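Student: what shape does this take:
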Amino acid sequence: MAGGREVDRTDLVFTVSSAQAPVRVRSEIPRYLAERLADLRSLRPEERGLSFALENRTRPAVLAAIGGMRLDGVLLTGHQLHIETNAGLAPLPRRLDLPLGRRMLLHVVMGAPLGAGAHSLEADVTVPGVASGRLVIENASMPRGES
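Tutor: Presented below is the predicted three-dimensional model:
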């Protein structure tokens, strides 16, 4: 005992709540720049998820991070990201070179196909020296601004 308190045990103070901590949403990449990084109308259903196209038209760059994916506003969990190669699908590397003018298909493997209708995919992307923020990709049946 020291100062009237036990010193050989640890007290942890914590709070249990049913409400989730607020998630800070990254700002959207300006449209003029987003259009030069990806095909913003390329969201397509796939057998086990969905795909979209990155198409760098800014300068040679690297996709350093992609995450925080939301489909129609709902956070995606338990998905895998793959890139389409000549040999088929391969896991997305930690850093992906984005050469100028080359179209690259990214696949979000969720285990189930994307349902019919209009959809919107939001992803937090980091391309150092070019852009960092939220990229919004939609399918062709959903004009920008509609919800």
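Student: what count of nearby residues applies to the residue lying closest to Leu96 once chain neighbours are set aside?
Tutor: Spatially, and ignoring its direct neighbours in sequence, Leu96 is nearest to Leu63 (4.2 Å; Cβ to Cβ, 6 or more residues apart in numbering). Using the backbone N, CA and C atoms, a C-beta is placed for each residue, glycine as well. Using other Cβ atoms under 10 Å, Leu63 has 23 neighbouring residues.
Student: relative to Gly73, how far out is Leu63?
Tutor: Leu63 is 23 Å from Gly73, where distance means Cβ to Cβ, to the nearest Å.
Student: middle-most residue in this protein, spatially?
Tutor: Nearest residue to the geometric centre of the chain (Cα atoms, centre = their mean): Ala123, 2.7 Å.
Student: which residues does that residue contact?
Tutor: For Ala123, the contact set (Cβ atoms under 8 Å, 6 or more residues apart in numbering) comprises Ile66, Gly67, Gly68, Met69, Arg70, Arg134, Leu135, Ile137.
Student: flag the shaky bits of the protein, pLDDT-wise.
Tutor: Scanning the chain for pLDDT under 70 picks out the ranges 1-14, 19-23, 141-147.
Student: ok, now with 90
Tutor: Applying pLDDT under 90 to the chain picks out residues 1-26, 47, 77-78, 111-117, 139-147.
Student: the helices in it, which residues?
Tutor: Assigned by DSSP state H, the chain shows helices spanning 31-34.
Student: mind listing the strands in it by residue range?
Tutor: 44-46, 49-55, 61-63, 65-71, 74-75, 80-85, 88-91, 96-98, 103-109, 120-127, 131-138 (DSSP state E).
Student: so what touches the last one?
Tutor: I take that to be strand 131-138. Outside strand 131-138, the residues touching it (Cβ under 8 Å, 6+ apart) are 25-29, 33-34, 37-43, 52, 58, 68, 118-126, 144.
Student: can you turn the buried part of those into a ChimeraX selection?
Tutor: Selection of buried members from the contacts of strand 131-138 for ChimeraX, criterion 16 or more other Cβ atoms under 10 Å:
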select :26,29,34,37,38,40,41,42,43,52,119,120,121,122,123,124,125
